[in-house]
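Trainee: dropping a prediction and its sequence here:
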Amino acid sequence: MAPASGFPASFYSEPGVLGFLANGISAFLVLLQNFQGARTGIPAVGVENILAGVHLILIGGVCQLIAGLLSFRKYDHLSGTAFIGYAALWGSYGATRIFLGANQHNPSTPMNTSTMINITLENLLSNSVSVNETSIPKYLSESAIAGLVPYTLLSLLLAFCSATVNYIMPFVFGAITLTLVFEAVGLVTKWALVVSGVLELLILLFAIYGSAALLIKGVAQRYVLKGFGNPLFNVLLLGTTNASSSQNLGQDKKKNTKYAEPMALGFFCDTVSPFIFAFYVFGYFPLITVSAMWISINSAAQLLSSYYAYLRQDCYHATKFGLHCTFWLVKTWEEYVVSVVIGLSEATTGRQAMLGDWFFLAAALVLCITSLNMDILELIHNALFFLLTISTISQIPLDRYYVFFGVACSFFTALSLYGTFARLINTIAEKSLIPVGPQPVSNKRLQSGLGCLKKLFPQEQLQGRGSQIPDALFYLTNGVAALSAIHSIRPHQSFLDLTVPWVLIPGAIIQGYVSRLQVQGGQRFGSVIPSFYVAIWATWTWFRFAAAYGNLVLLTLTTIMEVIVVCFLLSTLDRLPYQLEIAMLSLFVIICLYGTLASLLNCIFSKKLLPLGPALIKNNKKKEAAPTTPCPVASSRGTSGLLQIAKLLENSGVCGIPTDTVYALAASCKNPSAIEKIYNIKDRPAEKPICICISSVEQLVAAKPPFSPLLWEFMRNVYPGGISCIVPKGDWLFKLGVGPAYDRVGTKESIMIRVPDHTVTAHLCDITGPLAITSANPSGEPDSTHHDMVIDRLGHKIQGVLCDGESNEVVASTVVNCLKINEGTITILREGCIPAAKVHQIFERVKKSML
């Protein structure tokens, strides 16, 4: 991340500025409209409400969404969750205003001020204005309450959690919480709307102060206005650290501090959607039209939690939240079809033939199995989701179905609310303060328990690193779509109507998201197959109701899809044998369910617990010719491997090497031409400098650079490790051994130094001398976390790769500017594997020790 060197850069370095302004301006827009109505005596109707809704979506929704996305990239758990959650709230509120305005007519006569003072969106929703009584649906106020209540509870939770970070956000979030309370109360009691207006003014004032404080901090690189930097109370006062918290994670995942943890946001969204559904199925409002917008926007936020779990290399949560998002979207639009298009009587007939719910049930069971090695909270949450999928089985009679579904939604909402609080507090504290329970089953026991399935397959099929992150979600989406598409020869029209969301949403919309993940991650079968399936399911849906280079499971799935396409062709000619189609779709579903389980387990444990079969064509080519790599490779486990790579570096070669973070491209400082090659290999912009890597601080001491005692002490506290320090450049670099590369590393005034906490890298530097290094990935693409990634992406451009398996981290080092350390300040230019807060803590400790 670039330093905040001016006003515009502060919006990136401090996304809270944009988040606060979005909340303040959105509240101000509502306030202005209310005051205008009170002054003129004319309520906001029609196009006025539509315009207000558009502005709320753009400012409170889109702008705040950007702030949330930037906060996640700054490793800010609280702001990322809060801003995306409030973006969903303002977006839903704006969509409701647009829907309201579209169903209104302009009033023929103005009203007096005393009557108009209490007329707001809620009055119009509740039909208190007689002039529009016939044009405003009566269920809108109830739908609005169903959406406001869960956001009120979650806003209260966010206000409490923010008190552990600073004492400005609690006032902003607290004012939003109280505003939501009185807006909801205002649906039945008019005096509450006056209080709501006062609170909206407070939101504006607090937001202006908070954004100003952060903006000045972003420009000045220090806190000038009070409110940030010190919490209202210490988060550690909430509880005692669970001694077994280190085991509660279940997965032996590497720490990723490049992106904030999205678990709290996922639980946040799992609180809103079932709460609204509970109101609906218990009959609080008859139509789900408005609530469908609220749930859809909330599900989009949950898809973002899946996306950031993917960026953190967390396959479990990426799959879980993607599945939950799909479930809520499908159920929402199914109920929309029931309540708006066909009615309950027709739905009773059509629902009996639907099978898609059974795949959700099986997928929920898979999540329960894969969460056995996590904590009790995660396991119970998955168990309640399993209960939720049972309650939605289409074969349950409608009168019992809605009661069962409503009860399940209530339990799921309560646990999700607790999960939001626990995950958020525990991620802020980076300790298990709020109880989440112990690990039910250890990793070893779970792997050994699943190992019994290995006996069913040849041993050679169980070799390799496991599945890629989006694979499980790929199989899930296709499984749901395929099972939902099964129907009889002459299906009832209500069945065809109900099946549209079941096939279109998972098969086309969510699978489009999976395709995007495949493109970004450079996965083995890319986006070709998911994109192809998107087109198939989308075409299938509109017509009916309105791959050999991968692995054996994928090959079988693609072959069956080809048969399904043939069935699709035959159906256009009225020559389709429906028994064949049902058989193919059923087989497709079974393969998808197995592919989901195998991909998820293999990705979680980074090994092949369940085989997906060999890469048939690739294996055949190996039989014909000996395996070759595009460049020489050497193992880091032997001295001969180190010497081989060292020789390549001495001969002006560029090689991929492991470090304590991610893989790097290295060139010897004795060969300036090799450093030039790095820029061409990576397509790296010339203005981006390259750092040098040495084996130890002692090697630096021997060069006798003129560093201050404070800088020496700071470096001794951070080296070796995942921190890179930018220090003044000088002639001491020649004594260090940089020599001819002096003008090709760093800038004219400064140089960045790395001392990796990695034995192999240290030994290599001892052999070759200082190395010029940079991350081993094409410029702008994700870092390489395995030597296979370096070989696949850059092997044809470099001279060798030192193979050391998976990297210790999934993000690069944290870059610290120490040029002004003598003035008592350091600047974080890029937050990597070491959090910025931890770097500042080390620096403050070092400064105190030097006094």
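Mentor: Good, I have the coordinates. Keep in mind that what you see is a predicted model, and the values were worked out from it rather than measured.

Trainee: what is the burial count for the closest residue in space to residue 706 that isn't next to it in sequence?
Mentor: On the basis of CB to CB, 6 or more residues apart in numbering, the spatially nearest residue to residue 706 that is not a chain neighbour turns out to be residue 730, at 6.8 Å. Glycine gets a C-beta too; all of them are placed from N, C-alpha and C. If you count neighbours by other CB atoms under 10 Å, residue 730 ends up with 16.

Trainee: so what pLDDT did residue 730 get?
Mentor: Looking at residue 730, its pLDDT is 87.

Trainee: how about it, phi and psi?
Mentor: phi -170, psi -180 (degrees, to the nearest 10).

Trainee: measure it to residue 513 for me?
Mentor: Look at residue 730 and residue 513: by CB to CB, to the nearest Å, they are 51 Å apart.

Trainee: likewise for residue 844?
Mentor: If you go by CB to CB, the gap between residue 844 and residue 513 works out to 42 Å.

Trainee: run through the stretch 51-200 of the chain and note the low-pLDDT ranges.
Mentor: 104-138, 186-191, 193 (pLDDT under 70).

Trainee: now the helices for it?
Mentor: 64-73, 77-102, 113-116, 121-125, 140-162, 169-185, 191-220 (DSSP state H, counting those that start in this stretch).

Trainee: can you lay out those as CSV showing mean neighbour count?
Mentor: Shown next, in CSV, are these (neighbours: other CB atoms under 10 Å):
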stretch, mean neighbour count
helix 64-73, 24
helix 77-102, 26
helix 113-116, 14
helix 121-125, 24
helix 140-162, 23
helix 169-185, 23
helix 191-220, 20
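
Trainee: make TSV out of those helices and add distance to residue 633.
Mentor: Below are the helices of the stretch 51-200 of the chain laid out as TSV (distance: least, CB to CB, whole Å):
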stretch	distance to residue 633
helix 64-73	34
helix 77-102	39
helix 113-116	77
helix 121-125	65
helix 140-162	48
helix 169-185	51
helix 191-220	45
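
Trainee: can you classify residue 441 by secondary structure?
Mentor: coil (DSSP: H, G, I helix; E, B strand; the rest coil).

Trainee: for the nearest residue to it once chain neighbours are set aside, grab phi and psi.
Mentor: Excluding the flanking residues, the one nearest residue 441 by CB to CB, 6+ apart is residue 372, at 4.3 Å. Main-chain dihedrals, residue 372, degrees, to the nearest 10: phi -60, psi -30.

Trainee: contacts only, for residue 372.
Mentor: 379, 440-441, 446 (CB atoms under 8 Å, 6 or more residues apart in numbering).

Trainee: before we move on, the earlier item: what's the closest of the helices of the stretch 51-200 of the chain to residue 682?
Mentor: Closest approach to residue 682 among those is made by helix 64-73 (21.6 Å; CB to CB).

Trainee: tell me the helices and strands packed up against that closest one.
Mentor: Helix 64-73 is packed against helix 16-40, helix 77-102, helix 289-311, with contacts defined by 3 or more CB pairs under 8 Å, 6 or more residues apart in numbering; DSSP states H and E.

Trainee: enumerate the positions of the first one that are buried.
Mentor: Meaning helix 16-40. 16-31, 33-34, 37-38 (16 or more other CB atoms under 10 Å).

Trainee: shaky segments in the stretch 601-750 of the chain?
Mentor: 605-609, 611-627.

Trainee: how close does residue 427 get to residue 263?
Mentor: According to CB to CB, residue 427 and residue 263 sit 7 Å apart.

Trainee: and if you look at residue 226?
Mentor: In terms of CB to CB, residue 226 sits 32 Å off from residue 263.

Trainee: also residue 717?
Mentor: 31 Å.

Trainee: compare neighbour counts for these two and give me the winner.
Mentor: A side-by-side neighbour count of residue 717 and residue 263, using other CB under 10 Å, places residue 263 first with 26 against 14.

Trainee: give me the spatial nearest neighbour of that one, chain neighbours excluded.
Mentor: Once flanking residues are discounted, residue 263 sits nearest to residue 423: 4.4 Å by CB to CB, 6+ apart.

Trainee: so what's the residue count around the one you found?
Mentor: Neighbours of residue 423 using other CB under 10 Å come to 24.

Trainee: hmm, it is touching residue 268, no?
Mentor: No: counting by CB atoms under 8 Å, residue 423 does not reach residue 268; the two are 9.0 Å apart.

Trainee: picking up where we left off before, I'd like the helices and strands packed on helix 64-73 as CSV, with distance to residue 709 appended.
Mentor: Listed next are the helices and strands packed on helix 64-73 as CSV, based on distance: least, CB to CB, whole Å:
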stretch, distance to residue 709
helix 16-40, 36
helix 77-102, 36
helix 289-311, 40
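
Trainee: identify the residues contacting residue 648.
Mentor: 632, 655, 799-800.

Trainee: that one should be in a helix, yeah?
Mentor: Yes: membership of residue 648 in a helix is supported by three-state DSSP.

Trainee: once you drop chain neighbours, what's closest to it?
Mentor: Closest to residue 648 by CB to CB, 6+ apart is residue 800, at 4.5 Å.

Trainee: how about the residue nearest in space to the middle of the chain, what does it touch?
Mentor: For the chain, the residue nearest the mean C-alpha position is residue 308 (1.9 Å; CA atoms, centre = their mean). Residue 308 makes contacts with 72, 80, 259-260, 262, 265, as judged by CB under 8 Å, 6+ apart.
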